[in-house]
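Asks: everything below, folded, please.
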Amino acid sequence: MKKAMDIAKYLVYLATQESEEEFISHMRLQKLLYYIQGWSLAIRHDAAFGAVIQAWRHGPVVRSVYREIKDEYQSLKDQPIPFAFGSDPESLSDNEKGFIRSIWDCYKRYSATELRNKTHKESPWLIARDNCAPDEHCSVEITQESMRQFFTETSKRIQFPGLEFDEIEAAEKELSSGGGRLLSEVIDDILL
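Replies: Numbers count the residues shown, from 1 in each chain. Have a look, this model is predicted:
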């Protein structure tokens, strides 16, 4: 799906803006796409992209993005995705870019392995892999409903000073008009 690929390119672009040492491996990119989708479903009440996420052995994977990058960079494996892959797609709105940046700001501190390990403890991946052995190939879909439920429940466990969960969407709109609290700060509170 084009939207998922545009988000992938934007994530690589954001990494290039951080520093020359910041990079995104294929595995790290896949987990970031999963977190963008999950938080979008919970906070924005809408999918960030339409592509299916599958419960692969090393965590969630957007197969269409995986295939396209693999076809373009066959020898990539665990190496960084080249900075040239990144772009600032015009197809993404400023609101979408702001949301993606917020998720990036929350998760950029995690390595690919740390992100994989996090997803392996979360119910959407665990539920999808229920009938699969740990090292078994699995292409079962991680449903949007399981992600929506998990990320909504995760966000409800945190009390935000002066900001209830039901007000997050309003705060995001306020931020886009120049005020409010950064979504990355809200999600950081959830993660810490």
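Asks: can you give me the strands in the chain?
Replies: All strands of the chain, identified by DSSP state E, fall at 53-56, 59-62.
Asks: quick check: which of the ones you listed is buried the most?
Replies: For the strands of the chain, average neighbour numbers computed from mean count of other CB atoms under 10 Å are highest in strand 59-62, which has a mean of 25. All C-beta spots, glycine's among them, are computed from the backbone N, C-alpha and C.
Asks: got TSV for the strands of the chain, with distance to Tyr35 and mean pLDDT too?
Replies: Shown next, in TSV, are the strands of the chain (distance: least, CB to CB, whole Å; pLDDT from 0 to 100):
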stretch	distance to Tyr35	mean pLDDT
strand 53-56	11	96
strand 59-62	9	96
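Asks: which among those strands is found nearest to Leu32?
Replies: Nearest to Leu32, of all the strands of the chain, is strand 59-62, at 10.0 Å by CB to CB.
Asks: partner strands of that closest one, parallel or antiparallel?
Replies: Here strand 59-62 has these sheet partners by DSSP bridges: strand 53-56 (antiparallel).
Asks: re the thing from before, relative to Lys3, which of the strands of the chain is closest?
Replies: Taking CB to CB, strand 59-62 is the member of the strands of the chain nearest to Lys3, at 10.4 Å.
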